[in-house]
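Chemist: got a structure for you, letters missing:
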(Lines give C-alpha, C1' and ligand atoms only; values in the text may rest on other atoms or scores of the structure.)
Protein backbone atom coordinates (compact mmCIF):
# COMPACT_ATOMS: atom_id res chain seq x y z
CA UNK A 1 0.00 0.00 0.00
CA UNK A 2 3.02 2.28 -0.52
CA UNK A 3 1.92 5.69 -1.78
CA UNK A 4 5.03 6.65 -3.80
CA UNK A 5 7.51 3.93 -4.62
CA UNK A 6 10.88 4.05 -6.34
CA UNK A 7 13.08 1.31 -7.74
CA UNK A 8 15.84 0.57 -7.23
CA UNK A 9 16.62 1.84 -3.75
CA UNK A 10 20.37 1.66 -4.41
CA UNK A 11 22.16 1.83 -7.72
CA UNK A 12 25.92 1.51 -8.16
CA UNK A 13 27.26 1.89 -11.67
CA UNK A 14 30.28 3.02 -13.64
CA UNK A 15 30.88 6.26 -15.46
CA UNK A 16 29.54 6.28 -18.97
CA UNK A 17 26.73 3.83 -18.33
CA UNK A 18 23.03 4.53 -18.94
CA UNK A 19 20.60 3.80 -16.12
CA UNK A 20 16.94 4.32 -15.22
CA UNK A 21 15.11 4.93 -11.97
CA UNK A 22 11.41 4.14 -11.83
CA UNK A 23 8.73 5.91 -9.82
CA UNK A 24 5.11 4.97 -9.30
CA UNK A 25 2.36 6.56 -7.22
CA UNK A 26 -1.00 5.04 -6.31
CA UNK A 27 -2.54 8.20 -4.87
CA UNK A 28 -4.37 9.21 -8.03
CA UNK A 29 -2.30 12.39 -8.25
CA UNK A 30 -1.80 14.09 -11.58
CA UNK A 31 1.54 15.79 -10.93
CA UNK A 32 4.86 14.07 -10.33
CA UNK A 33 8.34 15.41 -9.60
CA UNK A 34 11.98 14.42 -9.53
CA UNK A 35 14.32 15.97 -6.98
CA UNK A 36 18.06 15.60 -6.48
CA UNK A 37 19.63 15.76 -3.03
CA UNK A 38 23.12 17.03 -3.70
CA UNK A 39 26.34 16.47 -1.77
CA UNK A 40 25.54 19.42 0.50
CA UNK A 41 22.19 17.76 1.34
CA UNK A 42 20.12 20.41 -0.48
CA UNK A 43 16.99 19.18 -2.23
CA UNK A 44 16.68 20.64 -5.73
CA UNK A 45 13.82 20.19 -8.14
CA UNK A 46 14.73 18.70 -11.50
CA UNK A 47 11.45 18.10 -13.30
CA UNK A 48 7.73 18.07 -12.83
CA UNK A 49 5.07 16.51 -15.01
CA UNK A 50 1.33 17.08 -14.97
CA UNK A 51 -0.82 14.51 -16.75
CA UNK A 52 2.23 13.30 -18.68
CA UNK A 53 3.16 16.83 -19.80
CA UNK A 54 6.46 18.46 -18.77
CA UNK A 55 5.80 21.49 -16.55
CA UNK A 56 9.14 22.25 -14.90
CA UNK A 57 12.61 21.56 -16.26
CA UNK A 58 15.16 23.19 -14.02
CA UNK A 59 18.24 23.49 -16.27
CA UNK A 60 19.04 19.82 -15.92
CA UNK A 61 21.61 18.45 -18.43
CA UNK A 62 19.94 16.78 -21.36
CA UNK A 63 21.58 13.50 -20.33
CA UNK A 64 18.63 13.32 -17.94
CA UNK A 65 15.39 12.41 -19.67
CA UNK A 66 12.18 11.95 -17.70
CA UNK A 67 9.48 9.77 -19.21
CA UNK A 68 5.88 9.60 -18.08
CA UNK A 69 4.01 6.71 -19.72
CA UNK A 70 0.90 7.55 -17.68
CA UNK A 71 0.10 9.90 -14.84
CA UNK A 72 0.94 7.27 -12.21
CA UNK A 73 4.51 6.80 -13.41
CA UNK A 74 7.47 9.12 -13.91
CA UNK A 75 10.73 7.41 -14.75
CA UNK A 76 14.14 9.05 -14.91
CA UNK A 77 16.63 7.89 -17.50
CA UNK A 78 20.23 9.08 -17.25
CA UNK A 79 22.67 8.69 -20.15
CA UNK A 80 26.46 8.71 -19.96
CA UNK A 81 26.60 8.82 -16.18
CA UNK A 82 29.20 11.11 -14.61
CA UNK A 83 30.76 11.11 -11.13
CA UNK A 84 28.83 14.27 -10.29
CA UNK A 85 25.53 12.46 -10.83
CA UNK A 86 26.09 10.57 -7.57
CA UNK A 87 23.29 11.69 -5.28
CA UNK A 88 20.00 10.62 -3.77
CA UNK A 89 17.10 11.09 -6.19
CA UNK A 90 13.59 11.53 -4.80
CA UNK A 91 10.34 11.19 -6.67
CA UNK A 92 7.22 12.96 -5.38
CA UNK A 93 3.62 13.48 -6.38
CA UNK A 94 0.82 15.94 -5.65
CA UNK A 95 -2.67 16.78 -6.81
CA UNK A 96 -2.75 19.68 -9.27
CA UNK A 97 0.10 21.75 -10.66
CA UNK A 98 -0.35 24.91 -8.68
CA UNK A 99 1.96 23.98 -5.82
CA UNK A 100 -0.78 24.48 -3.24
CA UNK A 101 -1.20 20.76 -2.54
CA UNK A 102 1.00 18.66 -0.32
CA UNK A 103 3.73 16.69 -2.01
CA UNK A 104 4.25 13.04 -1.10
CA UNK A 105 7.80 11.79 -1.45
CA UNK A 106 9.12 8.38 -2.34
CA UNK A 107 11.86 6.67 -0.30
CA UNK A 108 14.68 7.87 -2.54
CA UNK A 109 17.21 6.13 -4.78
CA UNK A 110 20.86 6.43 -3.85
CA UNK A 111 22.90 6.52 -7.05
CA UNK A 112 26.66 5.99 -6.83
CA UNK A 113 28.74 6.46 -9.94
CA UNK A 114 32.27 5.03 -9.77
CA UNK B 1 15.34 30.02 -7.68
CA UNK B 2 14.87 31.94 -4.44
CA UNK B 3 17.35 32.78 -1.70
CA UNK B 4 16.00 30.81 1.27
CA UNK B 5 17.49 30.99 4.75
CA UNK B 6 16.51 28.80 7.68
CA UNK B 7 17.63 29.47 11.21
CA UNK B 8 18.93 28.17 13.43
CA UNK B 9 20.82 25.48 11.54
CA UNK B 10 20.48 23.11 14.50
CA UNK B 11 18.74 23.14 17.82
CA UNK B 12 18.96 20.95 20.90
CA UNK B 13 16.08 21.13 23.37
CA UNK B 14 14.85 19.16 26.34
CA UNK B 15 11.67 17.12 26.23
CA UNK B 16 8.75 19.37 27.11
CA UNK B 17 10.37 22.57 25.83
CA UNK B 18 8.59 24.64 23.23
CA UNK B 19 10.65 25.84 20.31
CA UNK B 20 10.43 27.71 17.05
CA UNK B 21 12.47 28.25 13.93
CA UNK B 22 12.46 30.64 11.01
CA UNK B 23 12.33 30.45 7.24
CA UNK B 24 13.21 33.65 5.37
CA UNK B 25 12.63 34.21 1.65
CA UNK B 26 12.33 37.11 -0.80
CA UNK B 27 8.88 38.68 -0.35
CA UNK B 28 8.70 39.45 -4.06
CA UNK B 29 8.20 36.49 -6.39
CA UNK B 30 6.36 34.50 -3.71
CA UNK B 31 3.52 32.12 -4.48
CA UNK B 32 3.26 29.53 -1.72
CA UNK B 33 5.36 27.93 1.01
CA UNK B 34 5.70 24.31 2.06
CA UNK B 35 7.00 23.01 5.38
CA UNK B 36 8.35 19.46 5.60
CA UNK B 37 9.54 17.19 8.38
CA UNK B 38 12.44 14.92 7.41
CA UNK B 39 13.54 12.14 9.71
CA UNK B 40 16.89 10.48 9.21
CA UNK B 41 16.79 7.59 6.71
CA UNK B 42 13.25 8.49 5.67
CA UNK B 43 11.79 10.82 3.04
CA UNK B 44 10.38 14.33 3.56
CA UNK B 45 6.87 14.39 4.97
CA UNK B 46 4.60 17.34 4.21
CA UNK B 47 3.51 19.37 7.24
CA UNK B 48 1.86 22.51 5.86
CA UNK B 49 1.16 24.36 2.64
CA UNK B 50 0.71 28.09 3.17
CA UNK B 51 -0.25 30.73 0.65
CA UNK B 52 -1.85 33.81 2.23
CA UNK B 53 -0.24 36.54 4.28
CA UNK B 54 -1.22 35.99 7.89
CA UNK B 55 -1.95 32.27 7.36
CA UNK B 56 -1.74 30.15 10.45
CA UNK B 57 -1.79 26.36 10.23
CA UNK B 58 -1.79 23.80 13.03
CA UNK B 59 -1.29 20.06 13.21
CA UNK B 60 -1.27 18.70 16.74
CA UNK B 61 1.57 20.37 18.66
CA UNK B 62 3.08 21.88 15.51
CA UNK B 63 1.93 25.18 14.04
CA UNK B 64 3.20 27.64 11.45
CA UNK B 65 2.64 31.26 10.51
CA UNK B 66 3.34 33.13 7.30
CA UNK B 67 4.24 36.76 6.61
CA UNK B 68 4.53 37.26 2.87
CA UNK B 69 5.06 41.02 3.10
CA UNK B 70 8.27 40.73 5.08
CA UNK B 71 9.21 37.29 3.72
CA UNK B 72 9.27 34.89 6.64
CA UNK B 73 7.50 31.92 8.15
CA UNK B 74 7.78 30.54 11.67
CA UNK B 75 7.34 26.93 12.70
CA UNK B 76 6.45 26.30 16.34
CA UNK B 77 6.56 23.06 18.28
CA UNK B 78 4.83 23.06 21.65
CA UNK B 79 6.02 20.62 24.31
CA UNK B 80 8.71 18.95 22.18
CA UNK B 81 8.94 15.16 22.33
CA UNK B 82 11.90 12.95 21.32
CA UNK B 83 9.90 11.77 18.29
CA UNK B 84 9.88 15.37 17.02
CA UNK B 85 13.61 15.03 16.37
CA UNK B 86 14.05 15.60 12.64
CA UNK B 87 15.14 18.17 10.10
CA UNK B 88 12.46 20.74 9.29
CA UNK B 89 12.60 22.10 5.76
CA UNK B 90 10.81 25.03 4.23
CA UNK B 91 10.33 25.46 0.49
CA UNK B 92 8.85 28.67 -0.87
CA UNK B 93 7.53 28.48 -4.43
CA UNK B 94 7.71 31.08 -7.19
CA UNK B 95 4.60 31.91 -9.26
CA UNK B 96 5.86 29.38 -11.82
CA UNK B 97 5.49 26.72 -9.09
CA UNK B 98 9.23 26.16 -8.70
CA UNK B 99 10.18 25.32 -5.09
CA UNK B 100 13.50 26.25 -3.51
CA UNK B 101 14.36 24.25 -0.41
CA UNK B 102 16.19 25.75 2.53
CA UNK B 103 19.03 23.89 4.21
CA UNK B 104 16.69 22.99 7.07
CA UNK B 105 16.76 23.23 10.86
CA UNK B 106 17.92 20.07 12.58
CA UNK B 107 16.00 19.58 15.83
CA UNK B 108 17.14 17.14 18.49
CA UNK B 109 14.88 16.65 21.50
CA UNK B 110 16.61 15.10 24.50
CA UNK B 111 14.54 12.92 26.86
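Modeler: Cool, got the structure. This structure is a prediction, so every number in the text was calculated from the model and none was measured. Numbering: from 1, shown residues only, chains lettered A, B, ... in the order given.
Chemist: tell me, how many residues neighbour residue 6?
Modeler: Chain wasn't specified; assuming chain A. 23 (other CB atoms under 10 Å in any protein chain shown). Bear in mind the C-beta positions are built from the backbone N, C-alpha and C, glycine included.
Chemist: wait, chain B
Modeler: 22.
Chemist: residue contacts, the most centrally placed residue in chain A?
Modeler: Taking CA atoms, centre = their mean, the centroid of chain A lies closest to residue A:34, which sits 3.0 Å from it. Under the criterion of CB atoms under 8 Å, 6 or more residues apart in numbering or on different chains, the contact list for residue A:34 reads A:23, A:45-48, A:66, A:74, A:76, A:89-92.
Chemist: quick one: which of these has the most company?
Modeler: Using other CB under 10 Å as the neighbour test, those are led by residue A:91, with 29 neighbours.
Chemist: grab the nearest non-local neighbour of that residue.
Modeler: Computed as CB to CB, 6 or more residues apart in numbering or on different chains, the closest residue to residue A:91 that is not its neighbour in sequence is residue A:23, at 3.4 Å.
Chemist: point me to the helix or strand that includes the one you found.
Modeler: strand A:19-25 (DSSP states H and E).
Chemist: name every strand pairing with the helix or strand following that strand and say which way it goes.
Modeler: Sequence-wise, the next helix or strand downstream of strand A:19-25 (DSSP H and E) is strand A:31-37. Sheet pairing of strand A:31-37 (DSSP bridges) gives strand A:43-50 (antiparallel), strand A:87-94 (antiparallel).
Chemist: by mean pLDDT, show me the worst of those strands.
Modeler: Note on these: strand A:43-50 shows the lowest mean pLDDT, a mean of 92.
Chemist: next SSE downstream of that strand?
Modeler: Next in sequence after strand A:43-50, counting helices and strands by DSSP H and E, comes strand A:53-57.
Chemist: buried ones in whatever helix or strand comes next after that next one?
Modeler: Counting by DSSP H and E, the next helix or strand C-terminal to strand A:53-57 is strand A:64-70. Neighbour-count burial for strand A:64-70, counted by 16 or more other CB atoms under 10 Å in any protein chain shown, picks out A:64, A:66, A:68.
Chemist: from the residues you listed, which is closest to residue A:27?
Modeler: Sorting the buried residues of strand A:64-70 by distance to residue A:27 puts residue A:68 at the head of the list, at 15.1 Å, by CB to CB.
Chemist: for the helix or strand harbouring residue B:37, what is the average pLDDT?
Modeler: For residue B:37, the element it lies in under DSSP H and E is strand B:32-38. Strand B:32-38 shows a mean pLDDT of 96.
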